[in-house]
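[1] only geometry, no sequence info:
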């Protein structure tokens, strides 16, 4: 068994009422989901094989991400009456896809650091990083395919189709952004940015986990389209907040942006998007009985704009 | 409809006896399979979408590869009683996977040229090339998934599993080679090289097309393991010949290798491997009625060591 990732704390089910800070419930639940997913994910990575492959697949997951995407899948399935045992496999797939995207994205953006360490391509070169990204993506696909033995052929078939759709949106979103950089496109309107966000971030980070969790909970019966608007708004709020954090971090130089009010404009936009997301969440989960799962999903919207990492 | 790739000639079914050169039958059949597959492949690439994506997915296929992998799948299916209509979808997937591997491999190896043009990453940068590789791989997966509507849920399920296995071998093989380069491993025995070949080249180029063609022809009933030995030998012969062609091309500098007899050693090894492949082909297709499909497969073994590109 691999070493426990830093920042992953064994935590029982969130019990009783929230204490002093209103975020306490959310953070404890998130930590529990993260522990559950990270353990299953690391357990699933093959031992052995050639050097520079599987031990590097576990590199980013071991550095301890937020685990938000997997948590959303687990909570959605739970809120709709499914079990964590049924959705854990999809949650692991979602985190693996996320890590695969990060591995390639770091190469594509020339990023220097990831989760407190050097990016993998800086440590081992572009060739190995691209291959490790491909391996991570394949392990994710294997988890999706493996659903057949857990959920039966029909539901797992729907999940394969959902996965295919999500991958298409992600790489089209990536192409949009790479094209802007290549052509040095500067005249972008908010709607251009939001369209890119929807495809590059919102779909795989929020819409796919919501839809996958719902599919696992009740097979093909769930109308998964009702999660699209919620997922889009919360994804956009998340990405805008992410950009603000990147621009206001201690190494950021953003005098000009500050002077023109860009940062405050973005902060305001993130709050408005989160407000819209909350309305859509209440609509999408209308009629769903209250539970700690449902509460986690609603509180996630607030977390997305309040978080500082 | 995209422009016809250079080197693709519309050619009817090979008719009658071979003419002067013994290779004529093989080359005409290969050209026909290539036309069939390339047309279907280009038809399947989405129009529209963001810039720097789908129009670049068609870039390498338009440059006109050999089409050997797709041809092997179509011929195997035909030899075992299936139709080209049934296996065309898998043949397209195989060519797409091949192009996806080339796109990433060119980045990983820092290759300058591919099929008579600059490599894609040299034209558009590493970021875009990695994304176009991912898109090509996704389109291949979509073809595999699409088999369900052509072949039904059981056979398409087996093909998904075959595809997963093939992808695993390919990226493990890639990891072996990248690791040798990273660690500057020079003390390699023929068996190390052949093991890398099996995983990196032989599986996706020969074993997978053989097994996929057989699965399409008779669903899950075919014992696809009987194609492994044939696929491995012919794949090894192919790769050794490929390396010889790379080393003896007009830009190659290989005085030292020539002096030590390395090139002639490799030429001899390719012939021996091809001989073993022919024996395994006859074993694997024993009891299969003679046909132009079967003849194509047997002649392919000779082509692999005779070819000059």
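    Perfect, thanks for sending it. Since we're looking at a predicted model, the values are computed, not measured.
[2] wait, isn't residue A:111 in contact with residue A:117?
    No: using Cβ atoms under 8 Å as the test, residue A:111 is too far from residue A:117 to be in contact (11.5 Å). Just so you know, the C-beta spots here come from the backbone N, C-alpha and C atoms, and that holds for glycine as well.
[3] quick one: low-confidence ranges for chain A?
    A:1-20, A:220-222, A:249-254, A:257, A:259 (pLDDT under 70).
[4] how about the strands in it?
    Assigned by DSSP state E, chain A shows strands spanning A:113-114, A:117-118.
[5] tell me which other helices or strands the first one touches.
    Counting contacts by 3 or more Cβ pairs under 8 Å, 6 or more residues apart in numbering or on different chains; DSSP states H and E, strand A:113-114 is packed against no other helix or strand.
[6] what is the distance between it and the centre of its chain?
    Offset of strand A:113-114 from its chain centre (Cα atoms, centre = their mean, to the nearest Å): 17 Å.
[7] could you report the neighbour count for the closest residue to chain B within the stretch 151-300 of chain A?
    Chain B sits closest to residue A:175 of the stretch 151-300 of chain A, with a gap of 4.0 Å, by Cβ to the nearest Cβ. Other residues near residue A:175 number 27, with proximity taken as other Cβ atoms under 10 Å in any protein chain shown.
[8] that one against residue B:53, yeah?
    Yes: the criterion here is Cβ under 8 Å, and residue A:175 meets it with residue B:53 at 4.0 Å.
[9] what's the angle between the longest helix that chain A contains and helix B:126-183?
    Once chain A is assigned using DSSP state H, the helix that runs over the most residues is helix A:126-183. Using axes from the mean of the first three to the mean of the last three Cα atoms, to 10 degrees, the inter-axis angle of helix A:126-183 relative to helix B:126-183 is 160 degrees.
[10] so which elements touch helix A:126-183?
    Partner elements for helix A:126-183 (3+ Cβ pairs under 8 Å, 6+ apart): helix A:54-57, helix A:84-109, helix A:120-124, helix A:190-197, helix A:208-218, helix B:84-109, helix B:126-183.
[11] report whether the shortest one contacts chain B.
    No: for helix A:54-57 and chain B, the contact criterion (Cβ under 8 Å from any Cβ of the partner chain) is not met; the two come no nearer than 8.7 Å.
[12] outside of that helix itself, list whatever touches it.
    A:45-48, A:99, A:120, A:124, A:128, A:132, A:135-136, A:139 (Cβ atoms under 8 Å, 6 or more residues apart in numbering or on different chains).
[13] and with 7 Å instead?
    For helix A:54-57, contacts defined as Cβ atoms under 7 Å, 6 or more residues apart in numbering or on different chains pick out A:45-46, A:120, A:124, A:132, A:135-136, A:139.
[14] give me the buried entries from those.
    Buried members of the contacts of helix A:54-57, scored by 16 or more other Cβ atoms under 10 Å in any protein chain shown, are A:45, A:120, A:124, A:132, A:135-136, A:139.
[15] between the contacts of helix A:54-57, which is nearest chain B?
    Nearest to chain B among the contacts of helix A:54-57: residue A:135, at 5.1 Å, using Cβ to the nearest Cβ.
[16] thought the closest one was touching residue A:53?
    Yes: using Cβ atoms under 7 Å, residue A:135 is in contact with residue A:53, at 5.8 Å.
[17] tell me which of the helices and strands packed on helix A:126-183 is the most buried.
    Among the helices and strands packed on helix A:126-183, ranked by average contacts under mean count of other Cβ atoms under 10 Å in any protein chain shown, first place goes to helix A:208-218 (a mean of 26).
[18] contact partners of that helix?
    Identification of contacts with helix A:208-218 by Cβ under 7 Å, 6+ apart yields A:69, A:72-74, A:76-77, A:80-82, A:86-87, A:90, A:94, A:151, A:155, A:158-159, A:162, A:166, A:222, A:224, A:227, A:230-231.
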